[in-house]
Structure formats: C-alpha cells, structure tokens
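In: Kindly return the folded structure for what I paste below:
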Amino acid sequence: MAKITNLTRVRKERARAEKRKTADENAVKFGRTKARKGLEDARAEKARRDLDGHERE
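Out: Numbering: from 1, shown residues only. Just a heads-up that it's a prediction; the model follows:
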C-alpha cells in the first residue's frame, strides 16, 4: 500500500527549509555573534581610553 502524502505539509516544510537556507546565508553575510560584538566594543573602548590617556593638557 502506498504512503499517503499531505501536500500542504510538504509545501510548508519546503517553505520552511527555503527560509532557513536564506536566513543562514544572511547570517554568514551580515551577522556577528553577540560575543564578537562585545569584543569589538570592548576593544574600541580600550583604544579610546588609551588615546585619551596620551592627551596633553
């Protein structure tokens, strides 16, 4: 006996897979992790403090 396939479920699964693929591509293209953002912010803040520390009055 053949397996019955729900076409609506198949279409939704295909759409979800396509959205997931697009989201993964965008994450690679544009995304930074929260840890990386924090590290970059900390480095920028340290560079600013170091520069201000070398200022003459």
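In: longest helix anywhere in this structure?
Out: If you go by DSSP state H, the chain has its longest helix at helix 7-30.
In: Let me know the next secondary structure element after that helix.
Out: Next helix or strand after helix 7-30 toward the C-terminus (DSSP states H and E): helix 34-53.
In: Name the residues that touch that following helix?
Out: For helix 34-53, contacts defined as CB atoms under 8 Å, 6 or more residues apart in numbering pick out residue 32. Yep, even glycine has a C-beta here, placed from its N, CA and C like the rest.
In: can you start the count at 25 instead of 1 from here on
Out: All set: I'll call the first residue 25, so the last point we hit is now helix 58-77.
In: May I see the buried residues of that helix?
Out: Within helix 58-77, no residue qualifies as buried by neighbour count (16 or more other CB atoms under 10 Å).
In: What is the three-state secondary structure of residue 26?
Out: Three-state call for residue 26 (DSSP: H, G, I helix; E, B strand; the rest coil): coil.
In: and residue 78, how far is that from residue 72?
Out: According to CB to CB, to the nearest Å, residue 78 stands 11 Å off from residue 72.
In: Please apply the same query to residue 34.
Out: 55 Å.
In: and if you look at residue 62?
Out: Taking CB to CB as the measure, residue 62 falls 16 Å from residue 72.
In: about what we covered before: now the longest helix of the chain: average pLDDT?
Out: Averaging pLDDT along helix 31-54 yields 95.
In: count of neighbours near residue 54?
Out: Neighbour count of residue 54, defined by other CB atoms under 10 Å: 7.
In: Report the contact partners of it.
Out: With contact set as CB under 8 Å, 6+ apart, residue 54 has no partners.
In: What distance do you get for it to residue 34?
Out: 30 Å.
In: Check residue 64 too.
Out: Residue 64 is 43 Å from residue 34, by CB to CB.
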